[in-house]
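# Predicted coordinates and the sequence they were generated for:
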Amino acid sequence: MAFDLESVSEATSGAIASLISTTILYPLDTCKTKYQAEIRARHQQKYRKVSDVFWEAISSGKFLSLYQGLGSKNLQSFISSFLYFYGYSFFKRLYLEKSGNKSIGTRANLLIAAAAGACTVIVTQPLDTASSRMQTSEFGKSKGLWKTLSEGSWSKAFDALGISLLLTSNPAIQYTAFDQLKRRLLERKLRDRPNGSSPEVLSAFSAFVLGAGSKCVATCLTYPAVRCKTTLQAAESEEYSIEEENEPGSKKTVSRVMYAIWKREGLLGFFKGLRAQILKTVLMSALLLMIKEKISKTTWVVILALRKYLLLTRGRIKSPIIQ
């Protein structure tokens, strides 16, 4: 039972941390997403820089539109983080139990992280697609979650699923790097402590630095796929149209998106918005891992207290009252 409770504790603290970090950085995420989704030759681009999206919202008096789709994104972030951290913790503990090893190697860690990410993506892809469409809608014209999902077939709700599965390598690389660096850092601190006791958690600063560094590497390696995924999921509008290279009304596919980016923007187009993506994802991941590290102990205590309360309550109900 304790095995499962530890996984639940990891998942809960990760989901809460994701919810907080997503809300804090959401305006930046909206600007980044709208900028990434536009595929045009440079002289025709509406947005020359990510900041142009922000100033458009300010100048039009629609600053709050930078938060359009926040509810859907938070729901998706909470569910995906809970599922990911639960699966990651569960599979990692299961591997250690079955293998008899005291620590997990880099290759096994990478495979476990990828498996957990794939399971998460399949469940949450419709929410991810809906939030991207809401973000790339015109300011002030975003639709609700259900209406956004019900406009097209369920197959459209799973647009870019293949790329999303490919992108499970991103958190796999990130969390593998983070876990390995964290283990080495704590081992070094253990050697430096005179009493030989192990530090329980990373400091907030250490978690932030390790989270930022690991996410930066993962983002640079996977960014072209991120750009294609955003374009596939973007709201249907003239700004994000790729029909010039295809038949009008034809379905967007990975190959058509890649061809449109190549023809209109060239090779560097696959890296359009990379700096904004790095800024957003590094800050997001660093905040998430920092918050998770700080609340994980409290979450564990709360879950144990809740379990004890439920067991006591169930015991009272089952036990007969002796007169």
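Now that the structure is in, tell me what you want to look at.

# what about the helices in this protein?
2-37, 50-59, 70-99, 106-136, 145-150, 154-157, 161-166, 169-192, 204-233, 254-265, 274-318 (DSSP state H).

# Which elements pack onto the third one?
If I follow you right, that is helix 70-99. helix 2-37, helix 106-136, helix 145-150 (3 or more CB pairs under 8 Å, 6 or more residues apart in numbering; DSSP states H and E). Using the backbone N, CA and C atoms, a C-beta is placed for each residue, glycine as well.

# try the fourth one
Contacting helix 106-136 under the criterion 3+ CB pairs under 8 Å, 6+ apart are the following elements: helix 2-37, helix 70-99, helix 145-150, helix 154-157, helix 161-166, helix 169-192, helix 204-233.

# any idea of the angle it forms with helix 169-192?
130 degrees (axes from the mean of the first three to the mean of the last three CA atoms, to 10 degrees).

# quick one, helix 106-136 and helix 70-99 angle?
Using the same axes, to 10 degrees: helix 106-136 against helix 70-99 is 170 degrees.

# With the second one instead?
Between the axis of helix 50-59 and that of helix 70-99 there is an angle of 140 degrees, by the same axes, to 10 degrees.

# Which one, of the helices and strands packed on helix 70-99, ends up nearest to Tyr309?
Among the helices and strands packed on helix 70-99, the nearest to Tyr309 by CB to CB is helix 2-37 (13.6 Å).

# chain center to that closest one, what's the gap?
6 Å (CA atoms, centre = their mean, to the nearest Å).

# when you give positions from now on, start the count at 15
Right, with 15 as the first residue, what we last looked at is helix 16-51.

# quick one: buried residues of it?
21-36, 39-51 (16 or more other CB atoms under 10 Å).

# what do you get for stretch 101-119?
For stretch 101-119, burial by neighbour count (16+ other CB under 10 Å) applies to Gly101, Tyr102, Ser103, Phe104, Phe105, Lys106, Arg107, Tyr109, Ile118.

# Look at the nearest residue to the second one once chain neighbours are set aside and report its pLDDT.
Translated: Tyr102. Spatial nearest neighbour of Tyr102, excluding adjacent residues (CB to CB, 6 or more residues apart in numbering): Ala130 at 4.2 Å. According to the prediction, Ala130 has pLDDT 85.

# Same question for Glu257.
54.

# Then Ser183?
80.

# who touches it in this structure?
Counting by CB atoms under 8 Å, 6 or more residues apart in numbering, Ser183 touches Ala128, Gly131, Ala232, Leu235, Thr236.

# and if we set it to 10 Å?
Applying CB atoms under 10 Å, 6 or more residues apart in numbering, we find Ser183 in contact with Leu124, Ala127, Ala128, Gly131, Ala232, Leu235, Thr236, Ala239.

# and those as CSV, adding distance to Lys311?
Formatted as CSV, the contacts of Ser183 follow (distance: CB to CB, whole Å):
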residue, distance to Lys311
Leu124, 27
Ala127, 23
Ala128, 28
Gly131, 25
Ala232, 27
Leu235, 33
Thr236, 32
Ala239, 36
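
# Among those residues, which one lies nearest to Leu97?
Closest approach between the contacts of Ser183 and Leu97, by CB to CB: Gly131, at 9.5 Å.

# sorry, back to before: out of the helices of the chain, which gets nearest to His57?
Closest to His57 of those is helix 268-279 (CB to CB; 10.5 Å).

# ok, back up a step: got the helices of the chain as TSV, with distance to His57 columns?
What follows is those, written out as TSV (distance: least, CB to CB, whole Å):
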stretch	distance to His57
helix 16-51	17
helix 64-73	15
helix 84-113	33
helix 120-150	22
helix 159-164	32
helix 168-171	32
helix 175-180	29
helix 183-206	32
helix 218-247	20
helix 268-279	11
helix 288-332	21
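
# And these: which comes nearest Gln58?
helix 268-279 (8.3 Å).

# roughly how far is that closest one from the heart of the chain?
The answer for helix 268-279 is 25 Å, by CA atoms, centre = their mean.

# Could you do stretch 70-84 as well?
On CA atoms, centre = their mean, the centre of stretch 70-84 falls 22 Å from the chain's centre.
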